[in-house]
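> Show me the folded form of this:
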Amino acid sequence: MCTSDYSCVSALADKQQNECHMFSSNLDVMTAEKDNGLTYLEHKECNWRKHCCYPQDGTRCLDAAYQDCQDAFEKGERNSGAVYILRPDPNWRLIRAVCQFDHESGWTVIQRRLDGTVNFYRGWNEYVDGFGEINGEYSIVLAAGQRIETFIKQGKGGLEGLYYLTRKNRKLNIYMEAHDGEFRTANYSTFYVDDASDDYRSHIAGYTGDAGDSFTLHNNRKFETYDHKTSHCPVTYQGFWLN
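The predicted structure follows:
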């Protein structure tokens, strides 16, 4: 099956899932997992950004990865609450995140807490990589699944993914629900983090909302965990930008 897509330069066919993933940049291939039915496809036509061709076996094709959920919104996606595969930077890896859409924007869910089933008292490496369950609680964003992840040598999810995600779109909405079912919001017009060389230092400004502003206090702080810290706070609390 062939399809025209000028953003597609490579594809990954997964016969177990009967689907094909199209990507807007070349995957950094390690070894094909033949036992898992994975086939990596990269054609001259794709590299010329003309079209991508897939096996004539009925495999269906998914759209190329979006940069973030705002990019997905601008390209017509409206399936709020669904899991999307994103590539925040063309030279970086794939990540998974839940997208929420309203009437004017797409929001990438970078952390979700629901019922306390996931332990957030984690070490530095786990926060850098990302952890949790994509359909449950997770932080911050997750790598794009083991079957696809096998084909990508570099990059992570987690804080590293947050760095790439916030280089372009820098608004943050925090939604909270109280035990009595009442909702509160904290919105920030500016939120982004620096790269790993500065421990993902936070930049937070422009609060509006009805939840109270308890986040701006942590502006211009490095991310800390119990095993990567400059104070005693992350020993007592979970990983965060702590002041």
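> Report the residue spans of the chain with pLDDT below the cut-off.
For the chain, applying pLDDT under 70 flags the ranges 1-65, 91, 93, 141-156, 243.
> Longest helix in it, please.
In the chain, taking DSSP state H as the definition, the longest helix is helix 158-165.
> Skip ahead from that one and say which helix or strand is next.
Proceeding N to C from helix 158-165, the next assigned helix or strand is strand 172-177, under DSSP states H and E.
> I'd like the C-alpha coordinates of that next one written as CSV, please.
Below are the C-alpha coordinates for strand 172-177, written out as CSV (Å, rounded to 0.1, in the frame of the first residue of the first chain):
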residue,chain,number,x,y,z
LEU,A,172,1.0,25.7,31.4
ASN,A,173,-2.5,24.8,32.8
ILE,A,174,-2.8,22.9,36.0
TYR,A,175,-6.2,21.3,36.7
MET,A,176,-7.0,20.1,40.3
GLU,A,177,-10.0,18.3,41.7
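> could you list every residue that touches residue 222?
If you count contacts by CB atoms under 8 Å, 6 or more residues apart in numbering, residue 222 has them with 198, 199, 200, 201, 202, 230, 241. C-beta here means a position set from N, CA and C on the backbone, and glycine is covered the same way.
> can you tell me which residues contact the closest residue to the fifth one other than its chain neighbours?
It stands for residue 202. Nearest-residue entry for residue 202: residue 241, 4.2 Å, with adjacent residues in sequence omitted and distances by CB to CB, 6 or more residues apart in numbering. Listed by CB under 8 Å, 6+ apart, the contact set of residue 241 reads 200, 201, 202, 218, 221, 222, 223, 224.
> Against which helices or strands is the helix or strand where the last one lies packed?
Right, the one you point to is residue 224. Element membership for residue 224, per DSSP H and E: strand 223-224. Packing contacts for strand 223-224, counted by 3 or more CB pairs under 8 Å, 6 or more residues apart in numbering; DSSP states H and E, involve strand 240-241.
> go with 6 Å
Packing contacts for strand 223-224, counted by 3 or more CB pairs under 6 Å, 6 or more residues apart in numbering; DSSP states H and E, involve no helix or strand.
> Identify the neighbouring strands of that strand in the sheet and state each direction.
If you go by DSSP bridges, strand 223-224 pairs up with strand 240-241 (antiparallel).
> number of nearby residues for residue 132?
Close neighbours of residue 132, defined as other CB atoms under 10 Å, add up to 22.
> Isn't it up against residue 140?
No - if you go by CB atoms under 6 Å, residue 132 and residue 140 don't touch, sitting 9.1 Å apart.
> Show me what the closest residue in space to residue 170 that isn't next to it in sequence bridges to in the sheet.
Spatial nearest neighbour of residue 170, chain neighbours left out: residue 192 (4.8 Å); criterion: CB to CB, 6+ apart. Legend: beta-bridge partners of residue 192 under DSSP bridges are residue 203.
> Can you give me the distance of residue 192 to residue 86?
From residue 192 across to residue 86, the span is 16 Å (CB to CB, to the nearest Å).
> In contact with residue 123, which residues?
Shown in contact with residue 123 (CB atoms under 6 Å, 6 or more residues apart in numbering): 225, 227.
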